[in-house]
Each structure stands twice: as structure tokens, then as C-alpha cells.
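Chemist: how would this look folded up:
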Amino acid sequence: MNILSRRPSRLVLVGSILVDILMYIDQMPERGGDRIAQRAILTTGGGFNVLAGAKKLGMPVAYAGRVGHGVMSSQVMHDLEQADIPLLLPRVSEADTGFDVGLVESDAERTFITSPGVEAELGIHDLEAIALKPGDAVYVSGYDLYYAVSGAALEAWLPELGPEYLLILDPGPLVAEIDRTRLERIMQRVNILSLNARESHILTGSPLSAHAAKLLVPMIAHDGWVVARAGEQGCWLAHGEQEVSHLPARQTQAIDTTGAGDTHVAALLARLAAGDDMLQAAYKANLAASISTERQGPVTGPTAGELEEALSQS
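Modeler: Numbers count the residues shown, from 1 in each chain. So this is what the prediction gives:
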């Protein structure tokens, strides 16, 4: 199976990085009730998980989004600097970065509520100021397509990206809320569409990931790939007229699935940058995502050494 015609050299995330406030509970409370969290974490999340995951696997990365001033923005800047991730746009002064509250239950399922900030107001002038390089992989999330300001700007900018750039889209949990015309227009330019079973079901109506992956192929660029993630079932790859390929998952005992999809995308791109073909990269992305679910928190993807160790044991 051939690799993409344009191998990624750097990952540039265009869109949202915000702060995660994660609380670990036995189960969700009833409406009007309460639960005492066993543990809580405050850390940078959103697109940061993708960038940090790829960086840990040796891929150059950069953040092309808005960071404000305030408590949340200070957390984001601290974590970007600690991870040695450059910010490609100047900081803005009008408001703070947003945050989300995530509730992680004992079966590792997580539920989020997001309060957007300046990261959701990426304008066309911001996008035009991004200094992309040939070979860059441009990653965008469905959250940013949903937001009124960022969504409109990205709808105008993304379809005009030149062929020297790869476009990667993860529709995310708000996929059903994104303006359908906007989503369809952007998807026509997408080279890699990575999404989970719920999202593929929403977009196609098919509950079967393999079938949904095939149905999604005509919606993206003619040379594009669909990566349909399905947790413990692994993932399916669909491309052109080829048969859908299944890559199995590594068996594990998940304790926290927060950021597992981000880890999968990050590892896929990092391994493509390292020279793997799509089958090899997707298999290793499955391993990386499984490792991340064994750890609590959002930025739990493996290092290159940890991934190699898991490969040797698989």
C-alpha cells in the first residue's frame, strides 16, 4: 500500500489549544446531584495533546493559534514552553484562553463541557500570517470548524491550501453541530480524515466502522485516506477503490481514554514523517493510543523508545 504522495515533515496545528480541568469520578451524578472527585488535574489540552504526542515521537511541531492573557493563557504558555513547542502567531491581549471541564468515569469514558476563549476567534488575517513550509502537515479539529469566527475563516482558507501541504481533519465530538456545507467544503481538501466510531456513524449513518470508512472516501481529496478509529477494535483504513484494511488494537486495560484519539493522530503523522507507509503508521498509532489509555491525564502518549518497546512485545 503506497504512502501519501506528500510525506509530512512538520506538524502545524491550526486552531484551539485550551486548558483541561479533569475530574476523576466513579460515575456521573444524577441530575441535580453531586459526586466527590477522587482526583483532579489542571493541564493544557485540546490540540496540545496532538502536538505534544507527535513531538515525543520525534516529529517537529508548531502551534498556529491564538493565546490570550490571563490565568488560562499563562498555563498554556508554560506548557508550550516546557514542551519546546513554538507559537507561530503573536499573543492577543483582549481576553483569556478558554477551558473545559472533563469528567472521567471509572470505565475510562469521559464527558466534556467547553468554555471557549480567544482560541475560538482565529480570523482570516491570523491564518494569512502563518508561515507554512512545503511539506507541513496542517491539522485542524472540528471544534474550530464549529466556532463562528474560526469556522468561517477556516472555511475560506483551508480549501485554498496548496498541494505542497497535507491537511488532516479530526471532526471531533461536535461533528453533528458543524455547519454541513462548511464541513463538506473543507473535507474535499482533506488528505487524512481521522475520526472515531461515533463520528463516522454521524457522518454516514453506518454503525459499522469499516463500511463508514468506505463511504467517507468520496467526501475527501481524491488521494486522501480515511482512518476510522474504533478503540479496542483497532482502526480501519480506506483509500480510493482499495479494499478497506483493518489494523488490530493492542489489548490493554484502559483507565483513562482522554486524549487517546489525539495520540493516535499524532503517532500516525509522526510515523509517516519517519518513513512508514500508512499500514505501518496506523498499526503503530494503535499501539501508541493503547499505551495512552493506561495512564491518567490528557498528554500520555508514548516516547519513541516506549513505542519501540511495545512493538517488540506485540
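Chemist: any idea which element the residue nearest to Ser206 when sequence neighbours are not counted lies in?
Modeler: Of all residues not flanking Ser206 in the chain, Ala212 sits nearest, at 4.2 Å (C-beta to C-beta, 6 or more residues apart in numbering). Quick note: C-beta positions are derived from backbone N, CA and C, even for glycine. If you go by DSSP states H and E, Ala212 is part of helix 209-216.
Chemist: swap in Glu306?
Modeler: Using DSSP H and E, Glu306 falls in helix 304-313.
Chemist: ok, and what's touching that helix?
Modeler: 56-58, 250, 267, 284, 287-288, 290-291, 302 (C-beta atoms under 8 Å, 6 or more residues apart in numbering).
Chemist: what mean pLDDT does it have?
Modeler: Mean per-residue pLDDT for helix 304-313: 91.
Chemist: which parts of that helix are buried?
Modeler: 307, 310 (16 or more other C-beta atoms under 10 Å).
Chemist: which SSE is immediately downstream of the helix holding Ala212?
Modeler: strand 225-229.
Chemist: those helices in the stretch 1-150 of the chain, which residues are they?
Modeler: 48-56, 71-82, 124-128, 142-146, 148-157 (DSSP state H, counting those that start in this stretch).
Chemist: distance to Pro116 and mean pLDDT added to those helices, as JSON lines?
Modeler: Shown next, in JSON lines, are the helices of the stretch 1-150 of the chain (distance: least, C-beta to C-beta, whole Å; pLDDT from 0 to 100):
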{"stretch": "helix 48-56", "distance to Pro116": "15", "mean pLDDT": "96"}
{"stretch": "helix 71-82", "distance to Pro116": "11", "mean pLDDT": "97"}
{"stretch": "helix 124-128", "distance to Pro116": "15", "mean pLDDT": "97"}
{"stretch": "helix 142-146", "distance to Pro116": "8", "mean pLDDT": "96"}
{"stretch": "helix 148-157", "distance to Pro116": "9", "mean pLDDT": "98"}
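Chemist: for Ile255, find the nearest of these.
Modeler: Proximity to Ile255, assessed across the helices of the stretch 1-150 of the chain by C-beta to C-beta, is greatest for helix 48-56 (16.6 Å).
Chemist: now the closest one, how far from the chain's geometric center?
Modeler: For helix 48-56, the gap between its own C-alpha mean and the chain's C-alpha mean amounts to 10 Å (C-alpha atoms, centre = their mean, to the nearest Å).
Chemist: list of residues touching it?
Modeler: Contacts of helix 48-56 (C-beta under 8 Å, 6+ apart): 11, 13, 17, 61-63, 76, 79-80, 83-85, 139, 259, 262-263, 265-267, 269-270, 288, 292, 298-299, 301-304.
Chemist: now, of the residues you listed, which are buried?
Modeler: With neighbours counted using 16+ other C-beta under 10 Å, the contacts of helix 48-56 contain these buried positions: 11, 13, 17, 61-63, 76, 79-80, 83, 85, 139, 259, 262-263, 265-267, 269-270, 288, 292, 298-299, 301-302.
Chemist: so where's the stretch 201-314 of the chain uncertain?
Modeler: Applying pLDDT under 70 to the stretch 201-314 of the chain flags the ranges 298.
Chemist: could you do the stretch 1-150 of the chain as well?
Modeler: Those would be 1-5, if you go by pLDDT under 70 across the stretch 1-150 of the chain.
Chemist: any idea which helix or strand carries the residue nearest to the spatial centre of the chain?
Modeler: By C-alpha atoms, centre = their mean, the chain has its centre lying nearest to Asp262, at 4.0 Å. Secondary structure from DSSP H and E places Asp262 in helix 260-274.
Chemist: alpha carbons of that helix, as CSV, please.
Modeler: C-alpha atoms of helix 260-274 as CSV (Å, rounded to 0.1, in the frame of the first residue of the first chain):
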residue,chain,number,x,y,z
ALA,A,260,-6.4,8.6,23.0
GLY,A,261,-7.7,9.8,19.7
ASP,A,262,-5.2,12.7,19.7
THR,A,263,-2.4,10.3,20.5
HIS,A,264,-3.5,8.1,17.6
VAL,A,265,-3.4,11.0,15.1
ALA,A,266,0.0,12.3,16.5
ALA,A,267,1.6,8.8,16.2
LEU,A,268,0.2,8.3,12.7
LEU,A,269,1.7,11.5,11.5
ALA,A,270,5.0,11.0,13.3
ARG,A,271,5.4,7.6,11.8
LEU,A,272,4.6,8.8,8.3
ALA,A,273,7.2,11.5,8.8
ALA,A,274,9.7,8.8,9.8
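Chemist: and it, what does it pack against?
Modeler: strand 10-14, helix 48-56, strand 136-141, strand 166-170, strand 192-196, strand 225-229, helix 278-292 (3 or more C-beta pairs under 8 Å, 6 or more residues apart in numbering; DSSP states H and E).
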